[in-house]
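In: Sequence and predicted structure are below.
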Amino acid sequence: MDAKLTDLSSECIFATSRSSGPGGQNVNKTETKVELRFNIDDSQLLSSVQKNVLVAKLAGKLVDNDTSILITSQAFRSQLQNKIKAINKLHELISRLLTPEVPRKPTKPTKTSKEKRIAEKKQTGDIKSMRGNLKNKELEE
């Protein structure tokens with residue numbers, strides 16, 4: 001699966017609204033918040049395998065009949081910067097989800113680590129047994 005997705009923005013639907021982010025009085029009169037919707041099923045740029053992977057991994061986070069990704073950005077005072085940030089978020093999300101997971105290789109503890117663990121346990125046991133001997137001696141006296 002190829003994670004190189006450079007021009008997904010052509011398949012995105014953008015909506016703007018008033019932001020609650022920084023901007024002072026400018027926030028009250030300009031629409032700087034950007035909502036990006038990307039419909040996975042309608043995409044021409046993704047293969048059917050990629051679509052299935054995305055739908056499976058984003059199962060609980062999809063909107064619009066479980067086919068669209070919704071990303072919002074309101075970090076900047078500029079609508080253009082928020083739009084760029086939303087596109088970057090989409091690209092990062094999709095590339096991260098389409099990157100195959102590397103399976104974990106099970107490992108065994110080394111002989112030295114086993115010996116060290118047993119030695120530490122023995123030392124702790126010796127310390128505790130010495131405490132018991134002290135208590136027994138005090139009781140006898």
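Out: All right, it came through fine.
In: ok, how many other residues are close to T99?
Out: 10 (other CB atoms under 10 Å). No exception for glycine: its C-beta is placed from N, CA and C like everyone else's.
In: Quick check: which ranges of this protein have low pLDDT?
Out: Along the chain, segments meeting pLDDT under 70 span 1-6, 21-23, 133-141.
In: if we go to 80?
Out: Applying pLDDT under 80 to the chain flags the ranges 1-7, 20-28, 132-141.
In: which residue ranges form the strands in it?
Out: Here the chain has its strands, by DSSP state E, at 12-17, 33-39, 68-73.
In: Can you lay out those strands as a markdown table showing mean neighbour count and distance to S95?
Out: Formatted as a markdown table, these follow (neighbours: other CB atoms under 10 Å; distance: least, CB to CB, whole Å):
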| stretch | mean neighbour count | distance to S95 |
| --- | --- | --- |
| strand 12-17 | 14 | 15 |
| strand 33-39 | 20 | 13 |
| strand 68-73 | 18 | 13 |
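In: can the ones you listed go into TSV with extra columns for distance to K105?
Out: Formatted as TSV, these follow (distance: least, CB to CB, whole Å):
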stretch	distance to K105
strand 12-17	39
strand 33-39	35
strand 68-73	33
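In: Would you mind measuring from K114 to K85?
Out: Distance of K114 to K85, computed by CB to CB, to the nearest Å: 51 Å.
In: and the two? which has more neighbours close in?
Out: Between K114 and K85, K85 has the larger neighbour count (other CB under 10 Å), namely 19 against 11.
In: For L46, see how far away the nearest residue to the more buried one once chain neighbours are set aside is.
Out: Spatial nearest neighbour of K85, chain neighbours left out: S73 (4.4 Å); criterion: CB to CB, 6 or more residues apart in numbering. Between S73 and L46 the distance is 22 Å, computed by CB to CB.
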